[in-house]
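Student: When you get a sec, could you give me coordinates for this:
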Amino acid sequence: MTFVLLIALLSGCGADKAVYQEDAAAPIPLEQQYDEFIPLNNGTVVVARGGKYGLITTSGRQLLSIESEEPDFARISGDILESCLEQDRLFWDDVLKRYDELSVLCSAEGPSPELIEAKAGQIRNLLSRAEGKMTDSQKTRFYSIQKRMGK
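Tutor: Reported below is the predicted structural model:
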């Protein structure tokens, strides 16, 4: 029952990526790194190794270390969810701020191509680390900026 509550409580983080080994050229799929791998629909995964459970994001970031003997995270899942959603919100706010700055720069008279490329590079760098999802209001803001840029 608690496990069902965990699934119901958690939502909002994640992106599908694999974790890389230090000395390996190819990524090791997350599913192969654990005895049990139970993806939730929010970008988090309940994982188990040696009969102990933990919680990670689908990119491999640890949210709860593998210490619990049961997948009973309901008592702390609210804090984890809140923290995860706040991190995602702040991340996407930063991306949108830079995208908005790029929009203003591109609409200015005679913008410097170097300055435009530098700003676009900042955005690309941020997006390469993207893990969470935009909120609906952030999506609306993105489409508004995109429309203003004529895309």
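
Student: going forward, measure contacts between C-alpha atoms and count neighbours the same way
Tutor: Fine.

Student: starting at the chain centroid, how far to the helix or strand containing Ala120?
Tutor: In this structure, Ala120 sits in helix 113-128 according to DSSP states H and E. Taking Cα atoms, centre = their mean, to the nearest Å, one finds the center of helix 113-128 at 20 Å from the center of the full chain.

Student: heads up, I number from 17, so please use that
Tutor: I'll keep to 17 as the first residue from here, and by that count the last item is helix 129-144.

Student: Pull out the CA atoms of it and give them to me as CSV.
Tutor: This file holds the C-alpha atoms of helix 129-144, laid out as CSV (Å, rounded to 0.1, in the frame of the first residue of the first chain):
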residue,chain,number,x,y,z
PRO,A,129,27.0,37.7,-34.3
GLU,A,130,29.5,36.8,-31.6
LEU,A,131,27.2,38.0,-28.8
ILE,A,132,24.3,36.1,-30.3
GLU,A,133,26.4,32.9,-30.6
ALA,A,134,27.6,33.3,-27.0
LYS,A,135,24.1,33.6,-25.7
ALA,A,136,22.9,30.7,-27.8
GLY,A,137,25.9,28.7,-26.5
GLN,A,138,24.8,29.4,-22.9
ILE,A,139,21.3,28.1,-23.7
ARG,A,140,22.7,25.0,-25.5
ASN,A,141,24.9,24.3,-22.5
LEU,A,142,22.0,24.5,-20.1
LEU,A,143,19.8,22.3,-22.3
SER,A,144,22.5,19.6,-22.4
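
Student: what mean pLDDT does it have?
Tutor: The average pLDDT within helix 129-144 is 89.

Student: Quick check: buried residues in the lengthiest helix in the chain?
Tutor: Across the chain, the longest stretch assigned as helix under DSSP state H is helix 90-123. By 16 or more other Cα atoms under 10 Å, the buried positions in helix 90-123 come out as 90, 93, 96-97, 100-101, 104-105, 107-109, 111-116, 118-119, 121-122.
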